[in-house]
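Q: For reference, the sequence and a predicted model appear below.
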Amino acid sequence: MFNTMRNFTLGAMALLLSACGATFDSEALRHQTDDRGNFSAELGRAYKKFAISEIDQMADWIDGAHFGEKAQMAFANDLPKPERVEDWWLTDAQKQTFISARERLLHSLDRNSKRQIPRVAASAQVNFDCWIEQQEENWQLGHIEKCRNGFYAAVERLEEVAALAKSRYLAKPQGQIIPARQTLIDPRSENETRTYTLYFTLDKSDLNNSAKSQIDRVVRDYRAGAPVTIVLAGHADRSGGQPYNLSLSRLRSEAVRRRLIQHGVPVQMIEAQAFGESRPKKRTGDGIKEPLNRRVEITIGPAPAL
């Protein structure tokens, strides 16, 4: 919460807002939409989600109104800047951290990222604002961590895309003209969901060459465009007991997770699950060895803005 308002009660806040003639209308914001899909629209949606969360879940009308107004600015194509570090009560060490993070954010947003992957760019900015707001309040450690991790994951993604575009540009033969409407990278749709299936040997969690090749494709998809969450679902057949199969499916899921991390996918982008024999691809009787059920399914979907 802004430092000038920290010691007000909720009742005093309401009186202050009324006395100042505050015009923020949270109900109007709730019904505001923008389907353009560009950076301005994505930024508006991300700020809207954050503002409504502050109002509904935290009863924080001051910050909710502040970030709601930033949402309305973004929807109106009047792009708001990330929060200024000097506007928040922080320790000297925290200020240095946020100054560095803000400079990194602005550098990333100065590139083509806002056009190439607008949802990630919006996520980076709003997670920065969320992080600094939560850090000043300094009591919901889980929220601080979530916003901080979301910020760094998004910024790293922006930097990866920028680096890839630069490397492809430099790889072009000198004198070759790139058509004006051609982009250097071809990111996949941010709303697209894709699934890959990796199969395992009986009673094993080791990755075979086919599984490694599939994981490499997942990594390429991750690096190619929009921000994603990667959900790993480990499974087993019914040839063993239920506790053993659950453990084996978890080992399979973790094996995939480790390889993704080794290839540069941020750990916070990966969710590993295990289902044992409970979700077979092909139904069988108990004790039956079924290759189709010894698998890990990798689902790649759009990352949440916050």
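A: Yes, it's here. Residues are numbered from 1 along each chain as shown.
Q: Correct me if wrong: E136 contacts W89.
A: Yes - E136 lies in contact with W89 (Cβ atoms under 8 Å); the separation is 5.2 Å. Quick note: C-beta positions are derived from backbone N, CA and C, even for glycine.
Q: what about these two, which has more around it?
A: Relative neighbour count places E136 above the other of E136 and W89, with 20 against 15, counting by other Cβ atoms under 10 Å.
Q: and the end-to-end length of stretch 273-291?
A: End-to-end span of stretch 273-291 (Cα to Cα, to the nearest Å): 19 Å.
Q: mean confidence for that stretch?
A: Taken as a whole, stretch 273-291 carries a mean pLDDT of 92.
Q: buried set for it?
A: Within stretch 273-291, the residues scored as buried using 16 or more other Cβ atoms under 10 Å are 274-277, 280, 290.
Q: Over to stretch 114-131?
A: Judged by neighbour count using 16+ other Cβ under 10 Å, the buried positions of stretch 114-131 are 114, 116-131.
Q: Repeat that for stretch 233-244.
A: By neighbour count, and taking 16+ other Cβ under 10 Å as the criterion, the buried residues in stretch 233-244 are 233-240.
Q: Quick check: which element contains L106?
A: Secondary-structure assignment from DSSP states H and E places L106 in helix 92-109.
Q: Go ahead and name everything in contact with that helix.
A: The set of residues external to helix 92-109 that reach it, using Cβ atoms under 8 Å, 6 or more residues apart in numbering, is 82-83, 85-86, 88, 90, 121, 124-125, 128, 131-132, 135, 151, 155, 158-159, 162.
Q: secondary structure class for the closest residue to R217 other than its chain neighbours?
A: In space, and not counting its chain neighbours, R217 is closest to Y196: 6.7 Å by Cβ to Cβ, 6 or more residues apart in numbering. Using DSSP: H, G, I helix; E, B strand; the rest coil, the structure places Y196 in strand.
Q: Tell me which residues touch Y196, please.
A: 214, 217-218, 297-298, 300.
Q: Show the pLDDT at it.
A: 89.
Q: Return the distance of it relative to L105.
A: 32 Å (Cβ to Cβ, to the nearest Å).
Q: Likewise for R223?
A: Taken as Cβ to Cβ, the span from R223 to L105 is 20 Å.
Q: R30 now?
A: The span separating R30 from L105 equals 27 Å under the rule Cβ to Cβ.
Q: Could you do I300 as well?
A: In this structure, I300 lies at 25 Å from L105, with Cβ to Cβ as the measure.
Q: What of L158?
A: From L158 to L105 the distance is 9 Å (Cβ to Cβ).
Q: Likewise for N245?
A: Distance, N245 to L105, by Cβ to Cβ: 45 Å.
Q: which of R223 and L105 has more neighbours?
A: Summary of the neighbour comparison: R223 and L105, criterion other Cβ under 10 Å, with L105 having more neighbours (22 against 17).
Q: List the beta-bridge partners for V296.
A: L198, G234 (DSSP bridges).
Q: Quick check, pLDDT for the closest residue to E69 other than its chain neighbours.
A: Using Cβ to Cβ, 6+ apart and skipping residues adjacent in sequence, the residue nearest E69 is F24, 5.8 Å away. Predicted confidence (pLDDT) for F24: 72.
Q: ranges for the helices of the chain?
A: 10-19, 26-30, 39-56, 61-75, 92-109, 113-116, 118-137, 141-171, 209-224, 242-262 (DSSP state H).
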